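# Using only what follows, build the 3D model:
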Amino acid sequence: MKIFLVVTLALSLFSFPGSYSHAIAASVEPAPISLAYPGTVPPKNLPNLPPAQKPPKELPPTITVTTPPSSMSKADKACANNYYTIRWSYFGDIGGAVNIKLSSRTIATNVAVQGGQGYYSWKALDEFSGKGTATYTVIVEAVNGAAVGTGGKIEVYGSKVPCAMK
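Below is the predicted model:
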């Protein structure tokens, strides 16, 4: 293997300031070098090294429902004809939008997400409580099917049932 070496010389003179460039081309045959033993010729019998590790697999997309959080032991209240905000965060490619369910009942489709989080304000309706109360688990699922997040519970109070929001 031949390497062509180019040397550039810049001079600054008192009487004639400026830069002068001179190129000298030379053919050089490099000597073998070793990274393991700097400045030496590599040994002929190298030790057996372990195989290179494979890069870690890409983490799968995830959705975490933050309101209501799944760590709550009691259900959040949602009073009829009032709005309840469902919030979530996500990681990875979830397709740019989510569908939101209360247990198996879809309440919103194609809700846009951006920047690793999203929210949806849902108006609690009597139809979800049967004029009494009903408890649902919040589910946020990626429209591309890549991830599903299960949150805490919402207890929906119908308009005929007293509901005091905390």
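
# OK, contacts around Gln117?
Going by Cβ atoms under 8 Å, 6 or more residues apart in numbering, Gln117 touches 87-90. C-betas here are computed from N, CA, C, even on glycine.

# would you say Gly149 is within a strand?
Yes - under DSSP: H, G, I helix; E, B strand; the rest coil, Gly149 falls within a strand.

# Beta-bridge partners for it, please?
Val140 (DSSP bridges).

# correct me, but it touches Val113?
No - the criterion here is Cβ atoms under 8 Å, and Gly149 misses it with Val113 at 11.4 Å.

# and for those two, which residues touch both?
With Cβ under 8 Å, 6+ apart, Gly149 and Val113 have common neighbours Tyr90.

# mind checking how far Thr64 is from Ala134?
Between Thr64 and Ala134 the computed distance is 24 Å (Cβ to Cβ, to the nearest Å).

# So what's the residue count around Thr109?
Using other Cβ atoms under 10 Å, Thr109 has 11 neighbouring residues.

# repeat for Thr62
Thr62 has 15 nearby residues by other Cβ under 10 Å.

# That one: what's it in contact with?
Contacts of Thr62 by Cβ under 8 Å, 6+ apart are 90-92, 147, 149.

# from those, which is closest to Ser103?
Proximity of those to Ser103 (Cβ to Cβ) peaks at Gly149, which lies at 14.2 Å.

# Measure how buried Gly118 is and give me the count.
Using other Cβ under 10 Å: Gly118 sits among 21 other residues.

# Okay, and the beta partners of it?
Trp88.

# That one contacts Ile100, doesn't it?
No - the criterion here is Cβ under 8 Å, and Gly118 misses it with Ile100 at 9.3 Å.

# Touching both of those two, which residues are there?
In contact with both Gly118 and Ile100: 111, 140, using Cβ under 8 Å, 6+ apart.

# Return, as residue ranges, the portions of the chain with sub-threshold pLDDT.
Residues of the chain that meet the criterion pLDDT under 70 lie in 1-47, 49, 165-166.

# Going by residue numbers, what spans are strands in it?
Residue ranges of the strands in the chain, as given by DSSP state E, are 3-6, 25-28, 62-67, 76-79, 83-91, 97-102, 105-112, 117-123, 133-142, 148-157.
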